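**Student:** predicted structure and sequence below. I'll ask about it afterward.
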Amino acid sequence: MVVSVSWEPGCALPQPPDAEVGAERFVGAAGRAGRSLPPAVFDALVALQDAPPRDGALLVRGVPVGDLPATPAHPADPVDKDRTSELALLAVARRLGQPVGYLPEHGGDLVQNLVPTVAGADRQVSTSSRVDLAFHTETAFHPHAPRYLVLLCLRGHPDARTTLCSVHDVIDALDADTVAVLRQARFVCGVDESFLSGPRPSGADDGAVLVATSEHGPRAVIGGTEARPTFWYDAELMRGNDPAAQAALDQLGRAVAERLVSVVLEAGDCLVVDNTVAVHGRSSYAARFDGTDRWLQRAFVVADLAPSAPDRDGRIILTRFD
């Protein structure tokens with residue numbers, strides 16, 4: 001069961017500033033809006049950082065999202081809405097760290113609209129609907145992967161289950177020998193297709209932007225300590241470097257499928273996932289493509305901007321993969 005906390009009724013954030021959502025003025029206002037978070041929500045976010053819950057996630061219910069227009073047909077479509085949800089999402093993100101974008105993901109937007117599209121319906125992408133989205137650590141292949149993933153539901157779908165599995169549950173499900181193999185640097189992760197074919201930074205000096213290979217690793221799937229283990233896994237993109245490592249990875253995949261928990265996100269639900277503790281996915285559902293579809297907003301959060309400084313323009317991480 002995912003730990004949850006409710007946003008107190010009547011607790012409102014300040015008015016969003018008259019600035020673009022990705023502008024530093026807006027991000028700064030979101031940081032200051034953290035002072036207006038409900039005390040129970042603020043405390044739960046602090047606890048998530050200090051001692052992540054076993055499930056590696058926190059669900060905040062009743063977050064204000066404002067007045068909503070029809071669900072856009074594509075994430076990049078202009079949307080005529082107030083910015084209540086964007087301020088709330090980034091206020092949560094700023095309490096946890098620093099929001100960033102990745103150039104190939106929605107052009108580096110700090111707040112991304114996740115909606116089903118006809119073109120993406122059957123693919124392993126955030127705009128899919130007709131397929132289960134496989135379990136994964138967010139951007140597992142990236143040298144600057146986010147520490148937290150924040151998802152705010154503006155409009156839900158009763159059949160769309162966001163799925164989670166924590167490192168604690170898979171350790172409990174696996175035998176000691178398999179866990180020992182998973183703790184060794186014998187695994188590599190491929191790069192998501194969108195990062196291989198995504199846009200190149202306009203006018204950037206190639207020497208100033210990290211060029212990474214199309215595989216990340218080798219490294220261990222389970223890291224950290226016995227008391228605070230960490231998880232690095234992508235069901236679609238990861239492989240073992242030898243037969244024993246692959247066998248352990250296959251056993252892990254079965255354990256994840258058996259030990260998953262799920263939550264159906266409704267309007268006003270904000271799910272925060274610790275990307276080092278839990279992997280996530282999503283069940284398939286029937287999109288309608290009529291303006292009433294499921295609509296989430298997403299933010300990526302790193303603990304510190306400094307490590308990505310050579311590969312970043314503002315808050316947009318430009319790392320290339322070849």
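**Tutor:** Okay, I see it.
**Student:** specify the local secondary structure of the residue positioned nearest the centre of the chain.
**Tutor:** Nearest to the mean C-alpha position of the chain, by C-alpha atoms, centre = their mean, lies residue 149 at 3.1 Å. Put simply, residue 149 is strand when judged by DSSP: H, G, I helix; E, B strand; the rest coil.
**Student:** gap between the lengthiest helix in the chain and the chain center?
**Tutor:** Longest helix of the chain, by residue count under DSSP state H: helix 243-259. Relative to its chain's centre, helix 243-259 lies at 22 Å (C-alpha atoms, centre = their mean, to the nearest Å).
**Student:** elements contacting the next helix or strand after that helix?
**Tutor:** Downstream of helix 243-259, the first helix or strand assigned by DSSP states H and E is strand 261-263. With contacts taken as 3 or more C-beta pairs under 8 Å, 6 or more residues apart in numbering; DSSP states H and E, strand 261-263 sits against strand 162-166. All C-beta atoms are positioned from the backbone trio N, CA, C, and that covers glycine.
**Student:** for the strand it packs on, buried residues please.
**Tutor:** 162, 163, 164, 165, 166 (16 or more other C-beta atoms under 10 Å).
**Student:** save the residues you listed as TSV, and put in distance to residue 232 and pLDDT too.
**Tutor:** Shown next, in TSV, are the buried residues of strand 162-166 (distance: C-beta to C-beta, whole Å; pLDDT from 0 to 100):
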residue	distance to residue 232	pLDDT
162	20	98
163	18	98
164	15	98
165	13	98
166	13	98
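**Student:** in the stretch 1-150 of the chain, mark out all the helices, start to finish.
**Tutor:** In the stretch 1-150 of the chain, helices defined by DSSP state H, counting those that start in this stretch lie at 24-33, 39-50, 84-96, listed in chain order.
**Student:** contacting residues around residue 14?
**Tutor:** 29, 32, 33, 36, 87 (C-beta atoms under 8 Å, 6 or more residues apart in numbering).
**Student:** list phi and psi for the closest residue to the second one other than its chain neighbours.
**Tutor:** In this case it means residue 32. In space, and not counting its chain neighbours, residue 32 is closest to residue 14: 7.7 Å by C-beta to C-beta, 6 or more residues apart in numbering. When read as degrees, to the nearest 10, the backbone of residue 14 gives phi -60, psi 170.
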